[in-house]
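[1] show me the folded form of this:
(chains A and B)
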Amino acid sequence: MAEAIDLSRFVERGDSGNARMTLAVQGVGCAGCIRKIEMGLKKLPGVIDARLNFTQHRLAVDWRYAEIDAARIIETLKTLGYGAYPFAPERVEADEIRQARWLLKCLAVAGFAAMNVMLLSISVWSGNVSDMTQETRDLFHWLSALIALPAAAYAGQPFFRSAWCALRARQLNMDVPITVGVVLALGLSVYETATHALHAYFDSAIMLLFFLLCGRYLAQAMRGKTRQFAGNLASLRAEFAHRYGGDGELIKVPVSALQRGDRVLVRPGETVPADGVVVAGRSEVDQSLISGETIPRAVGAGTTVYAGSINCSGALTMAVVAAGTGTLVDEVERLLARATETKSHTVRLADRAARLYAPAVHATAVLTAIGWLIVGASLHDAIVTAVAVLIITCPCAIALAIPAVQVVASGRLFRSGIILNSGDAIERLAEVDTVVFDKTGTLTLPDGVVDDRAMDPDLLEQAARLALSSHHPLAAALTKCARERVPYPAAFEEPGSGVRAPIGGTEARLGSAAYCGMPDQALQAPAHERGTSIICFAHAGRFARIPVRQRLRPDAAAVVNALAALSLDLIVLSGDRAEAVEPIAARLGIRQWRGELTPAEKIAAIESLKSQGRRVLMIGDGLNDAPALAVALVSLSPIAAAHLTQARADALFLGDRLEPVLSAVRVARRAKSLMRQNLALAVVYNALAVPVAVAGLVTPLIAAVAMSGSSVLVTLNAMRARLGRLRDLSVDGTSASAKAVDSIVAGPDRAEQDHLMPQSTVAAADCAERERDTLEIVR
Amino acid sequence: MNVLVYLVPMALLLGLTGLVGFIWTLKSGQYDDLDGAAVRILPDDDIEETVRDTSQ
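    The predicted structure is shown next:
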């Protein structure tokens, strides 16, 4: 029995009984998907329109409110084979879109002006070497001024504003030399035109703006895209809270829908969803995210707990006092702040360089002008040379080199379903040479299947209700057997062992065999249970061993092979029985594995790897993995992991597939080499161009082209982080063999459903193939 | 050189028309789903329908 979900917060009610909801959709890959989703939804009674935005992976659905329930729409999408998550559009993203549009408009105006001014300039250049009269030349110069001055005033706004802000704060940024350069070039040109000179520099100024705007717009578009994916992901991991309904049953509600007075269950490892008072249960909470206090605080009935603190050990029932914190918007903000703004070591270095560079540019320009005056050049020539130096040395390429790659790479990661928790994770990921996997919930899917054939139903019910208080993946599988979803009060979890609570006066325990004190003879595993994990349950002298079958993540074998092909060392460290770990390691071809490890032993294992000079990537999900994740150089967690574990991980990955792990490593390696290339490009450009400009060999126009060229080159190079077939798993033909292994289909076959819908494109075949991949199961 | 009197304004006017056209496409949201527009032309079920209609 699944928990009921309350979605009303995401549904926008219009007049005349219509409703609208935006959903972030997972798994959209081709034209067939658009058709399948839109047609599939329109067939539902009451649905008026469904429109999928393929770029953003968002779906807008309009329907008549009275005729169909929002949850039904999400369910329909699920049966079609797509995960859909309600999405609340937020203000920051709208601002980004407005900013991008404004830049595009400026770019269009600058482009229009640049083309027309160049048209006139080229006529003047060819006229100067042939028979152009002075009157015609002046006319052309005045026409250029007529076009360039208003266009520069409009299209230059992004630079003028930012320069003005910097100057007001008594600082220099890279827009200051640009602004000075453009204004000087325009002013000088008007003076030249009025004095009937042979040359004017309207073309240089407007070309400079045009190319700079190209770079600015590309950067903005990349950031906007990254933010969009982050927004989608944030809604995929939208926090849900477990609220008690009127009859004591648990209902899953979005955190943002919690209200004052609601009673909420917070299981061990989960984040407290709102500020409130503990009503029942005893536990310790970790408030390090809020107050920075790292020692967990003991709480019991009557204690106040705050949203964002993490429940460490016991299950708590709390009454909500203030809701509204920890909402989706906060979450997105936190994610983005961490992912795109936390600056990595290299970014900080580049920043410092850019800060030192801006004053250096101005000084060089002024010194150039003074130098030429001393040598005896005219004031006019000295100023023209100084403008060229100013333009050519704008530190754009250097300032862009690293952040551009960072933004594109994190966008690429968001796109493949990876949420970065820390800004420098990309650089650390690129250095990894050893990958350590946890087994349960990491190599296998978080939701196992309980084999309840030989179970006493009463005992199973008790075990399942006790499991409601735990966040362990095996417990999560067990909770599905609970007929009555009411957890026991005062449950307490010991990470790595199990959970206990008093039932009817005597203590019941659920967890490992040792934790439950199982007698030895009950531990003899029947032959068919190899590769099966066992949870034990003990209550009042009665014992039960509950076998939970786990399914490997659908693409685990292929990903493991591809990782091995990247010459990474692979190791499995699991807390599960050796008999359960061994067949899975063998299936995946991982030779180094250890079972029955305590959290402390996992840390010791990783420490010993580190002492051998290995750079370890740890992938784990359980409460018991959290410390190990913190010890490793860099760490990844699946999104289903306990909140405590998520907070420790450098990045989270989404969905049933293990493939994001592979993408993460590949994207990070690629990003690192692109960062190096970009820095080299920027340094070489400046080393070549500056002396030439100081020597007075460059006109302002050539300076504008060279300088903009270098920053556009750096930006385009950064975009390459997006390219490349990262999905390609068939490095050595392993995906074929992975598909061939014993696969049993549980539940409705998605591949079959594909045939229910007309497939009219070739592109759809790739998509259907991917879905078929996901049906592999391990017994 | 008298030809410039109308050629230059015409060139500018054509350029301006392009600019205004671009800003209109931007405002009417034609760049919101570029990837979608590219793949939405692939399904050919709409063609089958018209063929069926004409054959009846």
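[2] CA atoms for contacts and neighbours, from now on please.
    Noted.
[3] closest point of chain B to chain A, which residue?
    Chain A sits closest to B:Gly36 of chain B, with a gap of 4.5 Å, by Cα to the nearest Cα.
[4] helix or strand: which one has that residue?
    Secondary structure from DSSP states H and E places B:Gly36 in helix B:34-40.
[5] which other helices and strands does that helix contact?
    On a contact count with 3 or more Cα pairs under 8 Å, 6 or more residues apart in numbering or on different chains; DSSP states H and E, helix B:34-40 meets helix A:31-42.
[6] buried ones in the following helix or strand past the helix it packs on, by neighbour count?
    Using DSSP H and E, the helix or strand that follows helix A:31-42 towards the C-terminus is strand A:47-53. Of the residues in strand A:47-53, A:47-48, A:50-53 count as buried by neighbour count, 16 or more other Cα atoms under 10 Å in any protein chain shown.
[7] stretch A:149-162 now?
    Across stretch A:149-162, burial judged by 16+ other Cα under 10 Å covers A:149, A:151-152, A:154-156, A:158-160, A:162.
[8] which of those lies closest to A:Tyr85?
    In terms of Cα to Cα, no member of the buried residues of stretch A:149-162 lies closer to A:Tyr85 than A:Pro158, at 36.2 Å.
[9] what pLDDT does the model give residue 51?
    You didn't pick a chain, so chain A it is. What the model reports as pLDDT for A:Arg51 is 86.
[10] ah, I was thinking of chain B
    Among the per-residue scores, B:Val51 holds a pLDDT of 54.
[11] next: A:Glu38.
    Reading off the model, A:Glu38 has pLDDT 86.
[12] what's the burial count for it?
    A count of neighbours around A:Glu38, defined by other Cα atoms under 10 Å in any protein chain shown, yields 18.
[13] also A:Val375?
    A:Val375: 9 surrounding residues under other Cα under 10 Å.
[14] equivalent analysis for A:Leu679, please.
    19.
[15] the helix or strand hosting it: what's the following helix or strand?
    According to DSSP H and E, A:Leu679 maps onto helix A:659-694. Next along the chain after helix A:659-694, taking DSSP H and E as the criterion, comes helix A:700-719.
[16] give me the mean pLDDT for that next one.
    What helix A:700-719 shows for mean pLDDT is 80.
[17] cool, and stretch A:571-586?
    Averaging pLDDT along stretch A:571-586 gives 84.
[18] for it, buried residues please.
    Of all the residues in stretch A:571-586, those buried under the rule 16+ other Cα under 10 Å are A:571-585.
[19] for the spatially most central residue of chain B, what are phi and psi?
    Nearest residue to the geometric centre of chain B (Cα atoms, centre = their mean): B:Thr25, 8.0 Å. When read as degrees, to the nearest 10, the backbone of B:Thr25 gives phi -60, psi -40.
[20] show me the residues around it that make contact.
    B:Tyr31 (Cα atoms under 8 Å, 6 or more residues apart in numbering or on different chains).
[21] show me where chain B has helices.
    Using DSSP state H, the helices found in chain B span residues B:4-27, B:34-40, B:45-55.
[22] what angle sits between the helix holding A:Leu679 and helix A:700-719?
    Here the directions of helix A:659-694 and helix A:700-719 differ by 170 degrees (axes from the mean of the first three to the mean of the last three Cα atoms, to 10 degrees).
[23] return the distance of helix A:659-694 from the chain's centre.
    Put simply, helix A:659-694 sits 22 Å off its chain's centre (Cα atoms, centre = their mean, to the nearest Å).
[24] just stretch B:16-34 next, same as before
    In terms of Cα atoms, centre = their mean, the centre of stretch B:16-34 is found 9 Å from the chain centre.
[25] please apply the same query to stretch A:600-613.
    29 Å.
[26] biggest helix in chain A by residues?
    Max-length helix for chain A by DSSP H is helix A:91-128.
[27] and it, what does it pack onto?
    The contact analysis (3+ Cα pairs under 8 Å, 6+ apart) places helix A:91-128 against helix A:134-155, helix A:202-236, helix B:4-27.
[28] check what pLDDT whichever residue of chain A sits closest to chain B gets.
    Nearest residue of chain A to chain B: A:Phe54, at 4.5 Å (Cα to the nearest Cα). You'll see A:Phe54 listed with a pLDDT of 82.
[29] once you drop chain neighbours, what's closest to it?
    For A:Phe54, ignoring the flanking residues on the chain, the nearest one in space by Cα to Cα, 6 or more residues apart in numbering or on different chains is B:Gly36 at 4.5 Å.
[30] just give the number of residues close to that neighbour.
    So B:Gly36, with other Cα under 10 Å, has 18 neighbours.
[31] which outside residues touch stretch A:656-674?
    Counting by Cα under 8 Å, 6+ apart, A:405-406, A:409, A:412-413, A:416-418, A:426-427, A:429-432, A:443, A:445, A:553-556, A:559, A:562-563, A:636, A:653-654, A:717-718, A:721, A:726-727, A:774 sit against stretch A:656-674.
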